[in-house]
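> Curious how this folds, go ahead:
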Amino acid sequence: MRGATSLGFKNLTMDNWLEPDRISSSFVRISPDDGQAHAISGNDYVRSILKPKLIEGVPTDVRALFEVARGALVYGYFFYPLYTLAAEQLFRVMETAATLKCDIIGAPRNVTNFKQKIEYLCRKEVISEQQKARWHAARELRNIASHPQRQSIYPPGQAVGILERVAGQVNSLFSNA
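Modelled structure (predicted):
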């Protein structure tokens with residue numbers, strides 16, 4: 001396998017850095033029209049990654065972090081581990097969104113960590129009881145990503161799913177701002 005390493009992902013070289021990662025190009029989609037498996041192209045990935053959007057009310061700092069994560073997802077097609085880095089960045093996007101929302105609504109100064117911010121936003125009914133578990137899951141995944149014991153690898157579908165959920169959760173924080 002050209003450019004592979006014992007690490008389990010593409011070894012970047014001057015010859016292969018612009019080629020799709022072998023792993024990325026091995027995924028297929030089942031067509032609802034004919035039931036056949038069809039390779040997922042780079043354009044297919046980009047279309048699905050560009051679909052989720054943040055609303056205008058989301059602060060610029062959060063939008064910038066989100067776009068960096070989205071860009072890393074797009075380039076995951078060429079270097080598979082970028083899907084994981086992008087997903088991990090999206091957990092930090094949620095933390096920044098919670099921090100800025102707390103600032104906007106005047107959270108007390110003793111609300112300092114992500115867990116406290118989630119709990120404060122729940123008490124203020126900015127985060128619904130239904131959304132609370134997702135926010136805490138993102139916090140736990142952010143902690144795991146920030147203190148890794150080994151390299152995680154997320155498949156593209158999972159990373160794009162995280163992108164979609166993060167866009168929804170962040171948008172909900174600022175939809176009534």
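> Pro59: neighbour count?
Pro59 has 20 neighbours, counted by other C-beta atoms under 10 Å. From N, CA and C alone the C-beta is placed, and that goes for glycine too.
> ok, and what's touching stretch 88-103?
58-59, 61-62, 65-66, 68-69, 72, 111, 114, 117-118, 120-121, 126, 135, 138-139, 141-142, 145, 152, 162-163, 166, 169-170, 173-174 (C-beta atoms under 8 Å, 6 or more residues apart in numbering).
> quick one: that stretch to chain centroid distance?
12 Å (C-alpha atoms, centre = their mean, to the nearest Å).
> With stretch 36-44 instead?
With C-alpha atoms, centre = their mean, you get 21 Å for stretch 36-44.
> can you give me the helices for this protein?
With DSSP state H as the criterion, the chain has helices at 42-50, 60-75, 82-105, 114-123, 129-146, 156-174.
> list the helices and strands the first one packs on?
The one in question is helix 42-50. helix 60-75, helix 156-174 (3 or more C-beta pairs under 8 Å, 6 or more residues apart in numbering; DSSP states H and E).
> buried ones in it?
Tyr45, Ser48, Ile49 (16 or more other C-beta atoms under 10 Å).
> okay, those residues in a markdown table with distance to Leu7 next?
What follows is the buried residues of helix 42-50, written out as a markdown table (distance: C-beta to C-beta, whole Å):
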| residue | distance to Leu7 |
| --- | --- |
| Tyr45 | 22 |
| Ser48 | 27 |
| Ile49 | 25 |
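> Is Ile153 in contact with Leu82, as I believe?
No - counting by C-beta atoms under 8 Å, Ile153 stays clear of Leu82, with 10.5 Å between them.
> more neighbours, these two?
Neighbours were counted for Ile153 and for Leu82 using other C-beta under 10 Å; Leu82 has more, 24 against 14.
> can you tell me how far the nearest residue to that one once chain neighbours are set aside sits from Phe9?
Spatial nearest neighbour of Leu82, chain neighbours left out: Gly76 (3.9 Å); criterion: C-beta to C-beta, 6 or more residues apart in numbering. Per C-beta to C-beta, to the nearest Å, Gly76 is found 11 Å from Phe9.
> again, but for Leu18
Counting by C-beta to C-beta, the gap from Leu18 to Phe9 is 16 Å.
> what do you get for Gly42?
17 Å.
> now do Val58
With C-beta to C-beta as the criterion, Val58 and Phe9 are 32 Å apart.
> More neighbours: which of those two?
Taking other C-beta under 10 Å, Val58 and Phe9 do not tie; Val58 has more neighbours (22 against 18).
> Wait, that one touches Phe174, no?
Yes - with contact defined as C-beta under 8 Å, Val58 reaches Phe174; the gap is 4.8 Å.
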